[in-house]
Structures are given as structure tokens and as C-alpha cells.
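Novice: got a predicted structure here, sequence first:
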Amino acid sequence: SELPDEQPLPAPRAPVEIVLDSPSAADGEAREAAPITPLLAPMGRRFLGGLVDALVLLFSAGLFALIYWRAGGVFTTNLLTLTVAGFIGLVICLAYFGVFTALTATTPGLLWMGIEVRNLRGNPPTAQQVFWRSFGYLVSTSALLLGFVWALVDSEGLTWHDRMSDTYLASVEGMEARRQSTVDS
């Protein structure tokens, strides 16, 4: 049984594959394993989790700027200073989302909202998926947050970074309910 505030997500479409050699038995078994039908976390909880993550990053940036200023650093608007500051911000964002997602399959904001990052089979994301998801955050943000807003019009409720990484945000309760239902059957 589904939780009332979750949306079922259709199974992913299989990619087109060109095989030049005869397939082995292991390949056939892997292709036949059907992915789970994941349960997408509710939009409101995803938004609040993202907002908490943004506030954590803004607080961290403010703290970093305060330490820099108190240590005698000077803020200027020349091109080199802005480029270095932008690069530092980029690295911090990639590290924040990448490291937390790789180690715990969640971020502090998502954890607070009871949400985990899962791949389309319902497992924690692979290292490659974590990289593409973190990079996708930057793409979604750099387009004036259009990548996040896209979830409102997407037929499956996914963002650009969800699509880029083949991941989605799942409710922890929904994943537990799914695990329990598979154990019971």
C-alpha cells in the first residue's frame, strides 16, 4: 500500500543497445530483472529539504566570508577575485551535494525531511550517478532555477538533475513500506 502523499513513478524506459557479440547468460538475466516502481517523495517535502540545504550553504558561505574578512582579506570586484570566488563556490556546492549523497544517500536538508536519493532501481546511487546529480544541481541552478521548477511540469515530477543522473528523491517511509511489503510477500 502506498502512503497517501506519494506519487508512483513509471518504470524507466530501457536504452537502445547495439550488440555486436552474442549475449552471455548473465547479460540476459540482468536485462530481465525488472526495476522497481519507485515512489517519489512529495513535492512540498522536496522543496523544504532543498530550502534547508540552500540555507546551510548560504550560512557556510557567510561564515567563510566573515573568517576571510576578519583575517584581513579584502573584497574587490575585479575579474580575478570574482572568478576565484565563483570557483570556490562551485567546488563547495559540488562537494556538499556530492559527498553527502555519496556517503549517506541524502543531504542534511533531505535527511531532516525524511528523504533519500535513490536510483531508478530503488538502490542508493552509484558514484557516477552521484557525480551527475551534483553536476545537474549546477545546471538546474545556473538556468535561473528552471531545472528545479521543471518538476512542476514534468509528467513524472522529476527535475533536470534527476533525469541527468537517473535518480529520484524517495520518502524514507515509502522505501520502508516497500521493503516490508516485499518481505511479507
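Specialist: Arrived safely. Numbers count the residues shown, from 1 in each chain.
Novice: which one is Met175 nearest to, not counting chain neighbours?
Specialist: Among residues not flanking Met175 along the chain, Glu116 sits closest, at 6.6 Å (CB to CB, 6 or more residues apart in numbering). C-beta here means a position set from N, CA and C on the backbone, and glycine is covered the same way.
Novice: give me the element that neighbour is part of.
Specialist: Per DSSP states H and E: Glu116 is located in strand 115-119.
Novice: direction included, what does that strand pair against?
Specialist: If you go by DSSP bridges, strand 115-119 pairs up with strand 167-171 (antiparallel).
Novice: list the buried ones in the one helix or strand Thr83 maps to?
Specialist: If you go by DSSP H and E, Thr83 is part of helix 79-104. By neighbour count on 16 or more other CB atoms under 10 Å, the buried set for helix 79-104 is Ala85, Cys93, Tyr96, Phe97, Gly98, Phe100, Thr101, Ala102.
Novice: quick one: contacts for the third one?
Specialist: Read it as Tyr96. Asp53, Val56, Leu57, Ser60, Thr107 (CB atoms under 8 Å, 6 or more residues apart in numbering).
Novice: surely the third one is in a helix?
Specialist: Yes: residue assignment for Leu57, taken from DSSP: H, G, I helix; E, B strand; the rest coil, places it within a helix.
Novice: how far away is the closest residue to it other than its chain neighbours from Ala61?
Specialist: Leaving aside its sequence neighbours, Leu57 sits nearest to Tyr96 (CB to CB, 6+ apart; 6.2 Å). Distance from Tyr96 to Ala61, counting by CB to CB, to the nearest Å: 11 Å.
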